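> The sequence and its predicted three-dimensional model are supplied below.
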Amino acid sequence: MKRRGYKVSTALLLSTALMLGSHGAILEGEAAATESFIVKSTYEPETVPSVISRLSPSVVGIIGKVAQGTPGEVDDRYNLAHGTGVIWKADGWIVTNAHVVDGLSGITVVTSDGKSYKAKAVFSDPKSDIALVKINAKSLKPAVFAVTAQEAVVGETVVAIGTPISFSLRNSASVGVVSGLNRSVDGSYRLIQTDTAINPGNSGGPLVNLKGEVIGINSKKFAAVGIENMGFSIPAETVRYVVDHLLKYGEVRRATLGLELEESWSAIVGLPSDDPLTVTKVLSAEAKKAGIAEGDVLYGINGKRVYSVVDINERLKSYTPGQQVRLLMQRDGDIVNVSLKLSRDGASAVSTDDEGGESA
């Protein structure tokens, strides 16, 4: 499909948005994106040992049996995989990574005091890489999660606690700093970058600031010759969004625009860009009803600029399917406001009774 030209001058776009301001179409600029680099609050940090001592009782090890590769294969009781989890609620809800529990059977959760519990239910959301494991336990010590990771500051000290390499190394701690915020790294949502050591088995464990708050759930790292200390954590606000849905519905009822969108070349390679997204396919009946067509160009959602698919996913965390949003778009050279009813994302969570991924 030949793409239509969509470039308009910044002055034209801003003047158009301002004229539409009474309808809420004024777009936020790059200033909003830089807010995460401003220290928004100050606090007296605790010592690293005190943070580790306070959080360790809220960190658990998760272990299970890896699914057999082929029918008839001899069962190997040592074919196990493990990861880490964080106590979310005192009555036995544990948050971890989806990739830790997906594909495992006979999942067992081991608390810091050495008690073990069989998993009774698992709810997994692969798109966010967040999962919940339910065990029959009472009076567990929930971790304190930060309201938002956006108050983190690049360079501040953080601690990772987990189960690296061997299950016998449960509740190991490593210390580093926040290396970056709002990173788009091969995923659906933005991540926290850290140089804290995150080894296989640390997945699902907490990234903790010196207030003793969990600012993220450790999820992945880059590992290759010449690459050092590049780990990534799912921010607390994304964790809360997914967990709230899993607890309420047993799945994430994720809203979508119902559009297939193409990012600009600059956005794909990570260059600073004001380029919008181009509609390459209209997927939902709601989007077709709104008159959106291939070749239309998307600038913003409810008055906020979007530059990538990750931007859109982040914006839509605040909405549920069926709600209305306003899109600022360009169609045949004209800037237009489009009212769109959000549809339901087809990617749903996986729910099982007692099984659930591989650890990393």
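Sure thing, it's come through. Numbers count the residues shown, from 1 in each chain.
> Measure how buried Y117 is and give me the count.
Neighbour count of Y117, defined by other C-beta atoms under 10 Å: 19. In short, each C-beta sits where N, CA and C put it, glycine included.
> Make 23 the starting number, not 1.
Taking 23 as the first residue, the last one we looked at is Y139.
> Return the list of strands paired to the strand or helix carrying it, each annotated with direction.
Assigned by DSSP states H and E, Y139 falls within strand 138-147. If you go by DSSP bridges, strand 138-147 pairs up with strand 126-132 (antiparallel), strand 152-157 (antiparallel), strand 372-374 (antiparallel).
> Low-confidence stretches in this structure?
23-66, 90-99, 245-248, 369-382 (pLDDT under 70).
> Pretty sure Y263 sits in a strand.
No. Assigned with DSSP: H, G, I helix; E, B strand; the rest coil, Y263 falls outside any strand and is helix.
> residues near the residue lying closest to it once chain neighbours are set aside, how many?
Spatial nearest neighbour of Y263, excluding adjacent residues (C-beta to C-beta, 6 or more residues apart in numbering): K339 at 4.9 Å. The number of residues packed near K339 is 18, by other C-beta under 10 Å.
> that older thread, next, format the strands paired with strand 138-147 as a markdown table and append distance to L281 and mean neighbour count.
A markdown table is the format used below for the strands paired with strand 138-147 (distance: least, C-beta to C-beta, whole Å; neighbours: other C-beta atoms under 10 Å):
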| stretch | distance to L281 | mean neighbour count |
| --- | --- | --- |
| strand 126-132 | 35 | 20 |
| strand 152-157 | 25 | 26 |
| strand 372-374 | 25 | 16 |
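> Just send the ones you listed back as TSV, with distance to T106 too.
Supplementary listing: the strands paired with strand 138-147 in TSV, determined by distance: least, C-beta to C-beta, whole Å:
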stretch	distance to T106
strand 126-132	10
strand 152-157	11
strand 372-374	20
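> Give me the sheet partners of the biggest strand by length in the chain and which way each runs.
Across the chain, the strand with the greatest residue count (assigned by DSSP state E) is strand 194-205. If you go by DSSP bridges, strand 194-205 pairs up with strand 179-184 (antiparallel), strand 213-216 (antiparallel).
> A309 is in what secondary structure piece?
Per DSSP H and E: A309 is located in helix 307-311.
> CA atoms only: put that helix into PDB for me.
Extracted in PDB, the C-alpha atoms of helix 307-311 (Å, rounded to 0.1, in the frame of the first residue of the first chain):
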ATOM      1  CA  ALA A 307     -16.300  -2.600  13.800                       C
ATOM      2  CA  GLU A 308     -16.100   0.500  16.100                       C
ATOM      3  CA  ALA A 309     -13.100   1.900  14.200                       C
ATOM      4  CA  LYS A 310     -14.900   1.400  10.900                       C
ATOM      5  CA  LYS A 311     -18.000   3.000  12.300                       C
END
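> what residues does that helix touch?
Applying C-beta atoms under 8 Å, 6 or more residues apart in numbering, the contact partners of helix 307-311 are L279, G280, L281, V304, L362, K363, L364, S365.
> That helix: what's the following helix or strand?
Assigned by DSSP H and E, the successor of helix 307-311 is strand 319-323.
> elements contacting that next one?
Secondary-structure packing of strand 319-323 (3 or more C-beta pairs under 8 Å, 6 or more residues apart in numbering; DSSP states H and E): strand 299-304, helix 331-338, strand 346-353.
> relative orientation of the helix or strand that the last one is followed by and strand 346-353 in degrees?
The reference is to strand 346-353. Where DSSP H and E defines the elements, the next helix or strand beyond strand 346-353 is strand 356-363. Put simply, strand 356-363 runs at 150 degrees to strand 346-353, going by axes from the mean of the first three to the mean of the last three C-alpha atoms, to 10 degrees.
> So which bits of strand 356-363 are buried?
Neighbour-count burial for strand 356-363, counted by 16 or more other C-beta atoms under 10 Å, picks out I357, V360, L362, K363.
> I figured the last one hits L349, correct?
Think K363. No. Using C-beta atoms under 8 Å, K363 is not in contact with L349; the gap is 11.3 Å.
> OK, contacts around L320?
Applying C-beta under 8 Å, 6+ apart, we find L320 in contact with L279, L281, L283, P298, L299, T300, V301, V328, L349, L350, M351.
> again, but for P67
Neighbours of P67 in contact, by C-beta under 8 Å, 6+ apart: T179, L232, K233.
> Any chance of a ChimeraX selection covering the buried ones in the residues you listed?
Listed next is the ChimeraX selection for buried residues among these, using 16+ other C-beta under 10 Å:
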select :232,233
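> List just the nearest of the contacts of P67 to L162.
K233 (20.9 Å; C-beta to C-beta).
> what about the closest one, helix or strand, and which?
Taking DSSP H and E as the definition, K233 sits outside all helices and strands.
> With R275 instead?
Using DSSP H and E, no helix or strand contains R275.
> Confirm for me that it is in contact with H267.
Yes. Using C-beta under 8 Å as the test, R275 is close enough to H267 to be in contact (6.0 Å).
> These two: which has the busier surroundings?
Counted by other C-beta under 10 Å, R275 and H267 do not tie: H267 has more neighbours, with 21 against 15.
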